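Participant: Sequence isn't available, so here's the structure alone:
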């Protein structure tokens, strides 16, 4: 964690900001995921993300100047670089059980399907591929079954988009 201190109206404000993907909490991950998956993240989006992570009162946000905010945005630069998240914030979603941290408990077949669907999603940005990706690593049965991926993807499509992107 990065401990940050800044001043607003002669008042010192102290906050902890994550310094890596694995330090994000579930709420922060839900905020950041849709933004960082965008191909070009604007300064506005970076500032908005930083403000949401700082959890400030509205009166403090109005008093903050752009140079302060831009300096704080720098501490979250890791979000816009390589994603090194290994922590699973969603071990269970509905009736689906997800992988352990670091994907420790997935099979080679699950990994191969997940890799294929991830590449398709990143290339086409089609939710269908995102749902198939999630269905390849989240399951209801104790053992991975390739035949269930398409059926499970239809159920997964009902989850909120922010959750699916965070997964």
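Facilitator: Nice, I can see it. Predicted model, so just to flag it, every value in this text is computed and none were measured.
Participant: residues contacting residue 14?
Facilitator: 3, 4, 5 (CB atoms under 8 Å, 6 or more residues apart in numbering). C-betas here are computed from N, CA, C, even on glycine.
Participant: which one of those residues has the most neighbours?
Facilitator: residue 4 (16 neighbours; other CB atoms under 10 Å).
Participant: sec struct for it, please.
Facilitator: strand (DSSP: H, G, I helix; E, B strand; the rest coil).
Participant: my guess is it contacts residue 18, does it?
Facilitator: No. In this structure residue 4 lies outside contact range of residue 18 using CB atoms under 8 Å: 11.0 Å.
Participant: Need the contact partners of the longest helix along the chain.
Facilitator: Of all segments of type helix in the chain, defined using DSSP state H, the longest is helix 108-124. Applying CB under 8 Å, 6+ apart, the set of residues contacting helix 108-124 from outside is 99, 103, 106, 126, 129-130, 132-133, 136-137, 144, 146, 149.
Participant: my guess is residue 127 meets residue 157, correct?
Facilitator: Yes. Contact criterion CB under 8 Å: residue 127 and residue 157 qualify, at 7.0 Å.
Participant: and this protein, what are its domains?
Facilitator: Domains of the chain are assigned by automatic domain parsing as 2-80, 92-166.
Participant: Endpoints of the longest one, how far apart?
Facilitator: If I follow you right, that is domain 2-80. End-to-end span of domain 2-80 (CA to CA, to the nearest Å): 17 Å.
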